[in-house]
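J.: Output the structure for:
(chains A, B and C)
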Amino acid sequence: MLPTPKKFTICAGTAEGASELNAFDNALLNAGIGNLNLLKVSSILPPGAEYAENLNIPPGTLTPTAYGSIVSEKPGELIAASVGIGFSENSFGVIMEYSGTCSAKEAEEQVIKMVEEAFKIRGLKLTRVMAKAVEHRVEKCGCAFAAVALWY
Amino acid sequence: MLPTPKKFTICAGTAEGASELNAFDNALLNAGIGNLNLLKVSSILPPGAEYAENLNIPPGTLTPTAYGSIVSEKPGELIAASVGIGFSENSFGVIMEYSGTCSAKEAEEQVIKMVEEAFKIRGLKLTRVMAKAVEHRVEKCGCAFAAVALWY
Amino acid sequence: MLPTPKKFTICAGTAEGASELNAFDNALLNAGIGNLNLLKVSSILPPGAEYAENLNIPPGTLTPTAYGSIVSEKPGELIAASVGIGFSENSFGVIMEYSGTCSAKEAEEQVIKMVEEAFKIRGLKLTRVMAKAVEHRVEKCGCAFAAVALWY
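T.: Numbers count the residues shown, from 1 in each chain, chains lettered A, B, ... in the order given. Below you'll find the model as predicted:
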C-alpha cells in the first residue's frame, strides 16, 4: 500500500507569469509549495491527520495535494481559488476546492457550501471547517491557487 | 520504487450535485470509492493483478485509479462514462476509459474498441475484456464516472 | 514519505489513433513509456537525480512524470509538445512542459524560456538546460507528447 499521509497544511497563492505554466508555478511558490512535486488527489483528509503550519520537506518530494487553480490571460479579470477542509469528530475529513472568476470571499463561501454538502451526503457530522481563499486581478497572465498538501 | 499494485476492482456511478465537484464526489460515492484519495493514472493493469469485488481499504488511502468522468449542467442531457480492461494471456493488461454525451451502451462499445486498438498496436493477444458503463440523465448538475482502482 | 525519485529520463513521441485516448496511448508507446502507469507531477527534478538513457522498469510501474501533450482532430494541423529541464549547480532542477499548435522548434524555444523564468524567480543559477520536442501533422486524430519520467 502507498503510505497514508499523516499531516496536512492549507495554503494559497497568486502570481503573474510569462506563460500559463509559469503563472501556475509562480503561484505555487507564492503559496509556499513551489519546489515540491504535487500529485493531485481527490480529496479526503485521512483520519487522524494533524495540521502543520509549514511544510518542512525537501524539494522534489512527491506530495499528495488537493488543489484548485485558475489561470487567466484577460487583463483586469478578477480570479480566485479556495480550498476548504471539513472535519468530523472521529473520522476522516473531506477537502473541497473551487476556482473561478470571482472574489476570494465568494470562492470561500462556495467552498464551504461544497464541504457542507459533502458531509450531508455522507451522513457525517461536520464539526469544523478550515478554509483559505485568494484573489488576483489579472495584469497579463495571472494564476490563483489554493491547496491542501498532505504528507508524513 | 513506488510499489506496483497487485489488485484491482472496476466500478462506476452517477449522481447529481449542487456543484460540479460535488456531483463528481457524489458519483464517486455512488461507485463505492468516494472516501479514498484517487491518484489518476494512465492506464496499465500490472501483470498478475487480481480482481476483487470490493475495495476494503481505509478512508484516505492513496489509490492509483484510471477513470473517465463527465459533468454536465445541461438539464435533460444524457451523459455516460465507461471503463474497459483488456487482459493478455501472460502479461500486463491495458485500461481504457471514455466519457461523453451518449448512452452507457455506446460508451461501453467505444471503450471496447479502444481496448482492442491498444492491444493491436502492442502486438499483444487480447484474451478477454472486462467493461463497465453507466449513464445519467442530467437534472441540474450531473456526473457519470467509471473507474478501475488499483491497490495492494 | 513517498520515496523521492533518484533517476530521470526525457522522451517524446507522436502518433495517430482511432480515438483521442488511443492517440495519447500510441504517442506514449512511441515515446517509449506506454506500458507504465504515469502519475502526473508538477514539476521538480529532485536534487541529485541521475539521467538514464532508457527506462528499464516493469510494465504497470507507478511512474511520476511531468509531461505536456496535445491531441487534435483537425486534419493538417501542426501540433507539438516539448519538455525542458533546468539544472542548477548544487540543488534541485525545474521541469517545464509545453504543447500547442506550432512547430517542435517553437515549442522547444518556448519551454526553454519557461525554464529560464522558473530559475529567475527562484534566484537559482541556471547551469544547463536539457530539452526535447516533437511535432506532428494531424491526419485524423493525432497526439504529440513530451515527458520527463522520474524513477528509482
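J.: Show me what from chain A comes close to chain C.
T.: Counting by CB under 8 Å from any CB of the partner chain, chain A comes close to chain C at A:2-3, A:17-19, A:21-22, A:24-26, A:28-29, A:34-40, A:57-64, A:151-152. Bear in mind the C-beta positions are built from the backbone N, C-alpha and C, glycine included.
J.: quick one: which of the residues you listed sit in strands?
T.: Residues of these located in strands (DSSP state E): A:37-40, A:62-64, A:151.
J.: could you dump those residues to CSV with pLDDT, neighbour count and distance to C:A104?
T.: Below are these laid out as CSV (pLDDT from 0 to 100; neighbours: other CB atoms under 10 Å in any protein chain shown; distance: CB to CB, whole Å):
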residue, pLDDT, neighbour count, distance to C:A104
A:N37, 97, 26, 26
A:L38, 97, 22, 27
A:L39, 97, 22, 29
A:K40, 97, 19, 28
A:L62, 98, 26, 30
A:T63, 98, 24, 32
A:P64, 98, 24, 34
A:W151, 94, 22, 37
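J.: among these, which are in reach of chain B?
T.: Contacts with chain B are made by A:39-40, A:64 out of those, judged by CB under 8 Å from any CB.
J.: wait, is A:F119 part of a helix?
T.: Yes: under the criterion used here (DSSP: H, G, I helix; E, B strand; the rest coil), A:F119 sits inside a helix.
J.: Could I get the phi/psi values of A:A104?
T.: phi -60, psi -40 (degrees, to the nearest 10).
J.: Enumerate every residue touching the residue in chain A positioned nearest to chain C.
T.: Nearest residue of chain A to chain C: A:G60, at 3.0 Å (CB to the nearest CB). Neighbouring residues of A:G60 by CB atoms under 8 Å, 6 or more residues apart in numbering or on different chains: A:35-37, C:4-5, C:44-47, C:49, C:92.
J.: closest to C:C141 among those residues?
T.: A:N37 (30.8 Å; CB to CB).
J.: Tell me which two of the ones in strands among the residues of chain A next to chain C sit farthest apart.
T.: Within these, A:K40 and A:W151 form the most distant pair, 14.6 Å apart (CB to CB).
J.: what does chain A have sitting close to chain B?
T.: Going by CB under 8 Å from any CB, the residues of chain A near chain B are A:1-5, A:39-47, A:49, A:64, A:66, A:91-92, A:94, A:96-98, A:110, A:113-114, A:117-118, A:121-122, A:150.
J.: Just the buried ones among these, please.
T.: Neighbour-count burial (16 or more other CB atoms under 10 Å in any protein chain shown) applied to those gives A:2, A:4-5, A:39-46, A:49, A:64, A:66, A:91-92, A:94, A:96-98, A:110, A:113-114, A:117-118, A:121-122, A:150.
J.: what ranges do the helices span in chain A?
T.: With helices called from DSSP state H, chain A shows them at A:20-31, A:104-122.
J.: how about those helices in JSON lines, adding mean pLDDT?
T.: Compiled in JSON lines, the helices of chain A are given as follows (pLDDT from 0 to 100):
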{"stretch": "helix A:20-31", "mean pLDDT": "98"}
{"stretch": "helix A:104-122", "mean pLDDT": "98"}
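J.: winner for burial among those helices?
T.: Most buried of these by mean neighbour count (mean count of other CB atoms under 10 Å in any protein chain shown) is helix A:20-31; its value is a mean of 24.
J.: CA atoms only: put that helix into CSV for me.
T.: Output of helix A:20-31 as CSV, limited to C-alpha atoms (Å, rounded to 0.1, in the frame of the first residue of the first chain):
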residue,chain,number,x,y,z
GLU,A,20,0.3,29.9,-18.1
LEU,A,21,2.5,27.3,-16.6
ASN,A,22,4.9,29.9,-15.2
ALA,A,23,2.0,31.8,-13.7
PHE,A,24,0.9,28.5,-12.1
ASP,A,25,4.5,27.7,-10.9
ASN,A,26,4.8,31.2,-9.5
ALA,A,27,1.5,31.0,-7.6
LEU,A,28,2.8,27.7,-6.1
LEU,A,29,5.9,29.5,-5.0
ASN,A,30,3.8,32.3,-3.5
ALA,A,31,1.8,29.6,-1.7
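J.: other SSEs contacting it?
T.: If contacts are counted by 3 or more CB pairs under 8 Å, 6 or more residues apart in numbering or on different chains; DSSP states H and E, helix A:20-31 sits against strand A:7-16, strand A:62-72, strand A:142-151, strand C:37-42, strand C:93-100, helix C:104-122.
J.: can you tell which of those is closest to B:R128?
T.: Nearest of the helices and strands packed on helix A:20-31 (CB to CB): strand C:37-42, 20.4 Å.
J.: Sheet-wise, list the partners of that closest one with their directions.
T.: strand A:37-42 (antiparallel), strand B:37-42 (antiparallel), strand C:62-72 (parallel) (DSSP bridges).
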